[in-house]
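Colleague: 3D, please:
(one chain, ligands or ions: 2)
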Amino acid sequence: LNRALAEFGTTIFAEMSALAVRTGAINLGQGFPDTDGPEEVREAAVRALRDGRGNQYPPGPGVPELRQAVAEHQSRFHGLGFDPDTEVLVTAGATEAIAAAMLGLLEPGDEVIAFEPFYDSYAACIAMAGARRVPLTLRAPSFRPDLDALRAAVTPRTRLLLLNSPHNPTGMVLTREELAAVAELAVERDLIVVTDEVYEHLTYEAEHVPLASFPGMRDRTVTISSAGKTFSFTGWKVGWVTASPALVSAVRAAKQYLTYVSAGPFQYAVAEALRLPDTYYRDFREDLRRKRDLLSDGLEQAGFRVFRPQGTYFVTTDIRPLDEKDGLAFCRALPERCGVVAVPNVIFYDDAEEGRSLVRFAFCKREDVLRESVERLRRL
Ligand code: PMP
Ligand code: GLN
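Modeller: Ligands and ions are numbered 1, 2, ... in the order given. I've put the predicted structure just below:
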């Protein structure tokens, strides 16, 4: 195994989902919905298959219909104008967008500042690019970034900031003020920002504002999103990047040798999904807000300390009130103890002490499943 990858092992999502299958436990670990996305979008995929659209290699940057729909979505929801021909790139999920951005933009020895806890692929992709990650720790209970620490972390070797808001696993959503401070720093120090906004539509009390909308940011920001979260099709692996032509070209330079293109028929279906009426987006968010409250209330009643998220479909908890301190051991034993699977946040940290007692539960599940999970967890 390549030395850069050796420290990463098997992803926690694979380990915990395999544990759920083996034990028959309810899987609140890996973040995927247990109800598929809209029927009409599935029908659109079937139609594309039947009509022979996308059954052969689609164009490298993605099918024009999807690039156009992504550009319209950025304008409709965020007031951002992108040229579908030069400023939009379709990827195999947000995961490939992250990998291609790191490989296309970084030189060996560059530094990348990223919030810790970080989504597990960030560290691996930075390592594959030969660069060095510089963590900026988000601390309980608010998990808000320390902007002075961010400023102090920038060195002459810093090439880019890798942001994620709404943030997995903490559910923190960056405020306008925080984003403005990041933007000011990026402009002042001439940094590129790669921002993972896959949970852009999943915000509750907070509002999601894209970093690219701040002064000076449009042409130095690589914005990443995905159909997996917004439309509940995590298995389709359709994601996209919006950025200036120069940054899209850099990401595409790497993408063309990773997958060349992403699966064709799903791209046509996602183009239709992006055009769903506002009521779809509103109802999806309201449904998840109810589920967030159901699971958060239940976890509180079961004795966890709950950090109710402002966004995403994850809730982070602290297990110390249950007289537990090691989240990894707790999660490995949980299926046997009560038939529920969760994810230990420690795997998202370089500083293991920071995340040791934190455990993440996904609430993108049917209400009856969440109720049953709470019943089981109360018996702990
Ligand atoms: N970024 C974050 C923050 C995520 O939580 C996820 C997946 N859950 C991804 C990227 C990957 O998205 P995709 O499935 O579209 O590759
Ligand atoms: N992003 C999802 C999560 O955080 C899982 C994606 C994956 O399995 N890589 O649970």
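
Colleague: Isn't Phe330 up against Arg320?
Modeller: No: Phe330 is beyond contact range of Arg320, at 10.5 Å (criterion: Cβ atoms under 8 Å). Bear in mind the C-beta positions are built from the backbone N, C-alpha and C, glycine included.

Colleague: more neighbours, the two?
Modeller: A count of neighbours by other Cβ atoms under 10 Å puts Phe330 above the other of Phe330 and Arg320, at 18 against 14.

Colleague: show me the contacts for the more buried one.
Modeller: When contacts are counted by Cβ atoms under 8 Å, 6 or more residues apart in numbering, Phe330 touches Ile319, Glu324, Ala342, Pro344, Val359.

Colleague: And the pLDDT for the residue of the stretch 151-300 of the chain found nearest ligand 1?
Modeller: At 3.2 Å from ligand 1, Ser226 is the closest residue in the stretch 151-300 of the chain, using Cβ to the nearest ligand atom. Per-residue pLDDT puts Ser226 at 98.

Colleague: Next: Gly104.
Modeller: Among the per-residue scores, Gly104 shows a pLDDT of 98.

Colleague: Roughly how far does it sit from Lys255?
Modeller: 7 Å (Cβ to Cβ, to the nearest Å).

Colleague: between the two, which one's more packed in?
Modeller: Between Gly104 and Lys255, Lys255 has the larger neighbour count (other Cβ under 10 Å), namely 28 against 21.

Colleague: if I've got this straight, that one is in a helix?
Modeller: Yes: using DSSP: H, G, I helix; E, B strand; the rest coil, the secondary structure at Lys255 is a helix.

Colleague: dump the residue contacts of the nearest residue to it once chain neighbours are set aside.
Modeller: Using Cβ to Cβ, 6 or more residues apart in numbering and skipping the chain neighbours, the partner closest in space to Lys255 is Ala100 (4.0 Å). Counting by Cβ under 8 Å, 6+ apart, Ala100 touches Thr91, Val241, Val251, Arg252, Ala254, Lys255, Leu258.

Colleague: Quick one: mark the members of the residues you listed that sit in strands.
Modeller: Thr91, Val241 (DSSP state E).

Colleague: Please list the residues of the stretch 1-150 of the chain that sit near ligand 2.
Modeller: Counting by Cβ under 6 Å from any ligand atom, the residues of the stretch 1-150 of the chain lying close to ligand 2 are Thr11, Phe13, Gln30, Gly31.

Colleague: Give me the secondary structure label for the second one.
Modeller: Right, Phe13. Each residue gets one of three states, and Phe13 gets helix by three-state DSSP.

Colleague: try the third one
Modeller: Secondary structure assignment for Gln30 (three-state DSSP): coil.

Colleague: and the nearest residue to it once chain neighbours are set aside, how many neighbours does it have?
Modeller: The shortest distance from Gln30 to any non-neighbouring residue, by Cβ to Cβ, 6+ apart, is to Phe13 (4.2 Å). Counted by other Cβ under 10 Å, the residues lying close to Phe13 total 15.
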